[in-house]
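**Q** Could you work out the structure for the sequence below:
(one chain, ligands or ions: 2)
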Amino acid sequence: MISLRAAPRLDDPVTVVGVKPADRAHLAKLGITTVRDLLLELPYDWESYGAPTPIAQLTVGQHATVVGEALAVRTRRPRFNRTGLKTITESTVRDDNDDELGVIWFNQNFVGKVITPGARIAVAGVVKQKRYGALQMTSPQFELLDATGEEGPRTVGGLQPKYHLVKGLSAKKISQWVAAAMPAADGLPDVLPPEVRQRHNLLPVAEAVRLGHQPETGEEWKAAKRRMVFTELFELQTAFALMRRRQATEPATPIPYRQDVIDTFKAGVGFELTRAQRRATWEAFQDMARTAPMNRLLNGDVGSGKTAVAAACVAMAHAAGMQSVVMAPTEILARQHLGKFRSYLEESFPDLKVELLVSGQSAAERRRVRTAAASGHCALVVGTHALIEEDFELAQLGLAVVDEQHRFGTRQRELLRAKGKGRPHFLAMTATPIPRTLALAVYGEMAVSVIDELPPGRTPVTTEVVEPDQRSSAYALVRGEVAQGRQAFVIYPLIEESEKSAAKAATVEFERLRTHVFPELTMGLVHGRLKEKDEVMKRFVAGDIQVLVATAVVEVGVDVPNATVMMIEGADRFGLAQLHQFRGRVGRGAGRSHCLLLADDPSATTLERLRLVTEITDGFKLAEEDMRLRGMGELLGPRQHGMSDLAMQGLRQPELLNEVRQEAELLLEQDPELSRHPELAAAIKRRLELTSIS
Ligand code: ADP
Ligand code: MG
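**A** Ligands and ions are numbered 1, 2, ... in the order given. Here you go, the predicted model:
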């Protein structure tokens, strides 16, 4: 008897389309467990390297196909091994005009066995320039060609899908599974109402899935992509609109605006608020005066003075008889906040008591603070995660503030908001400058205030790109500053996406700097896996450590006015906005500060990109450049923002987002509970489970 494999169904596990257990685990890492997931996860891009180009005509950065003879093929182990690199396979391709192109593959030693010297091959990839000018392709796709040289490449150079991958997977494998899953596509429910599809000229879902995975032309791919991006944004925006509607019906205690309170605050804060601070404060006051809870994101560059805005809100809440909490991601930040809030508030508002709650305190101290909060005796509790522990309660919580809100998960933010009896007003602060479109797309359930102005009187930070042969001058600068009593940061990048390897790299570098470069200086090391990181940071804040070596994941969002050098290794691995964040850690005191950008791979394009940081001082402008150059997803970093790269790309056309938002609002006006759109409701639910949106 012939056994036919039954047609796959949408909710079947991926194994029904021939996925082996090991690959099943790999796919699960990408969030793909069912046939449906396989179908809906389109390639994030397609690449066509085009017809073969003569080597003499290649330009740096070009996506190209090259055909020629492979010269010697050599596989070796790397001399230095910091990144988990096992093998390097190198060869040279010589084309029919006798021009040569270097090719190199990492950890693919099978390549050295497949390509024999003298073989005729096609390679396709991005053309790069090596340090000394020669051209090279890194890990290109390749194909062995017929030795007669008459036939061109069959697959290399054609349209190739780019799927998100983890180690062990390849685009080729995914294409095969998707092809086997394709018969199920006709069963996919369409979450877009037909009239929306018609108005915007969008493909039905099954067709979009088919053309998205197996397009024959660039046009087909574009149409498929547009449909899928629209749908994703539509699901998110409908979800946000639903949340906004629900929030609007939740009861919160209004905090009435009082002119005398803000006047007292302004008189005591110690400086004149900037125009941007006043605007943000006013926006928050208006929200808090309503009977629905405020849900606002305060987005302002490092050092733009977000704390003062939060403090004004705390004062207003206090005047209405309500308490506030401010949660920060680390104990050091919490302590610094405590200092700021006290200096901004306690003198002007004598009965406004500010307390600290962190896990590092003695049990007796914590008990005292808990009692003060529960009795309503203190008006503001500043703290860390300790604030969301069960035994902490407030008598009358009116305002919850979260600083560096991306460092907390949805659940943690929710727990904080649940500390009062009713729903408190909520203010989230972030120092990642997020352009407006992106904010609407990922924080669509919140209102956004932007502080786009720095307080006056700051000495700008001198930013320089340091080329590899100038490294010693960078060290000299650090030494010079330290000799004058200043302090310096040295930041190491995340290599290979893992804090483990970054920690290792930072540790190795730390040892090297300590023994060979700065043996006379007091140095400290912090990385995410270090238990005593708070301890080290404290010593740096106190001035006991002169040079602090840190990885990027470590919160350096602390105020160390005495630090005047920010040296960033592997600066080319960071986004521009992120580099700007680091730079914001210096230049806080009176002394002139320096930011030094060192690149691992100082190609012309890299230097060009880094130069932008030396020229642009506005975080929002840099964020926009970053988005233009690297895409929106990068800007938010590894946070789960619940949006695919495709949808992120779609945000580059702001009008698309506007259209989607209007459709979402319209739909909810007609069907507020989505009872007539169960497929959409189900899709939204699935999506929200995957994201950190509250
Ligand atoms: P961030 O937005 O990064 O949290 P902070 O609130 O920590 O910034 O403010 C950075 C520094 O600027 C603090 O020392 C603060 O006292 C000061 N500052 C804030 N607003 C003003 C202002 N309007 N004028 C002068 N200094 C200000
Ligand atoms: Mg801050």
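**Q** In which helix or strand does T281 reside?
**A** Here T281 is covered by helix 275-288, with elements defined by DSSP states H and E.
**Q** so how far is that helix off the chain centroid?
**A** When distances are taken as CA atoms, centre = their mean, to the nearest Å, helix 275-288 is centred 27 Å away from the chain's centroid.
**Q** List of residues touching that helix?
**A** Applying CB atoms under 8 Å, 6 or more residues apart in numbering, the external contacts of helix 275-288 come out as 254-255, 257, 262, 273, 294-296, 298, 300, 304-305, 308-309, 312-313, 316-317, 399, 425, 427, 447, 449-453. Glycine gets a C-beta too; all of them are placed from N, C-alpha and C.
**Q** and what of stretch 65-78?
**A** 49-53, 55, 58, 85-96, 100-101, 109, 111-112, 115-124, 137, 145, 152-153, 156-157.
**Q** Now the terminal residues of that stretch, how far apart.
**A** 27 Å (CA to CA, to the nearest Å).
**Q** Up against ligand 1, what does the stretch 301-450 of the chain have?
**A** By the rule CB under 6 Å from any ligand atom, the part of the stretch 301-450 of the chain lying against ligand 1 is 302-308, 431.
**Q** Equivalent analysis for the chain, please.
**A** 271-274, 277, 300, 302-308, 431, 455.
**Q** In strands, which of these appear?
**A** Using DSSP state E, the members of the residues of the chain next to ligand 1 that fall within strands are G300.
**Q** among the residues of the chain next to ligand 1, which two are most distant?
**A** Using CB to CB, the residues of the chain next to ligand 1 reach their maximum pairwise distance at E272 and A431, which is 21.8 Å.
**Q** Just want to check the distance between the residue of the stretch 551-694 of the chain found nearest ligand 1 and D190.
**A** Among the residues of the stretch 551-694 of the chain, D559 lies nearest to ligand 1; the distance is 6.4 Å by CB to the nearest ligand atom. Distance, D559 to D190, using CB to CB, to the nearest Å: 53 Å.
**Q** Check Q578 too.
**A** 39 Å.
**Q** same question, E219
**A** Distance, E219 to D190, using CB to CB: 22 Å.
**Q** for Q653, same thing?
**A** The gap separating Q653 from D190 is 23 Å, by CB to CB.
**Q** Filter the contacts of stretch 65-78 down to the buried ones, ChimeraX style.
**A** A single ChimeraX command selects the buried members of the contacts of stretch 65-78 (16 or more other CB atoms under 10 Å):
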select :49,52,53,55,58,87,88,89,90,91,92,93,95,101,111,112,115,119,120,121,122,123,124,137,145,153,156,157
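**Q** Strands - which of the contacts of stretch 65-78 land there?
**A** The strands, defined by DSSP E, take in 88-94, 100-101, 120-124, 137 from the contacts of stretch 65-78.
**Q** what pLDDT, on average, does the helix or strand encompassing L657 get?
**A** Assessed by DSSP H and E, L657 sits inside helix 654-670. Mean per-residue pLDDT for helix 654-670: 91.
**Q** Who are the packing partners of that helix?
**A** Contact here means 3 or more CB pairs under 8 Å, 6 or more residues apart in numbering; DSSP states H and E; on that basis helix 654-670 packs against helix 194-199, helix 218-249, helix 436-442.
**Q** wait, which of those helices is closest to T371?
**A** Distance to T371, taken as CB to CB, is lowest for helix 218-249 among the helices and strands packed on helix 654-670, at 32.2 Å.
**Q** More neighbours: which of E219 and D190?
**A** Neighbour count, other CB atoms under 10 Å: between E219 and D190, D190 has more, with 18 against 10.
**Q** need the contact list for the more buried one.
**A** With contact set as CB under 8 Å, 6+ apart, D190 has these partners: 197, 204-205, 679.
**Q** which one of those is nearest ligand 1?
**A** Nearest member of the contacts of D190 to ligand 1, counting by CB to the nearest ligand atom, is E679, at 43.1 Å.
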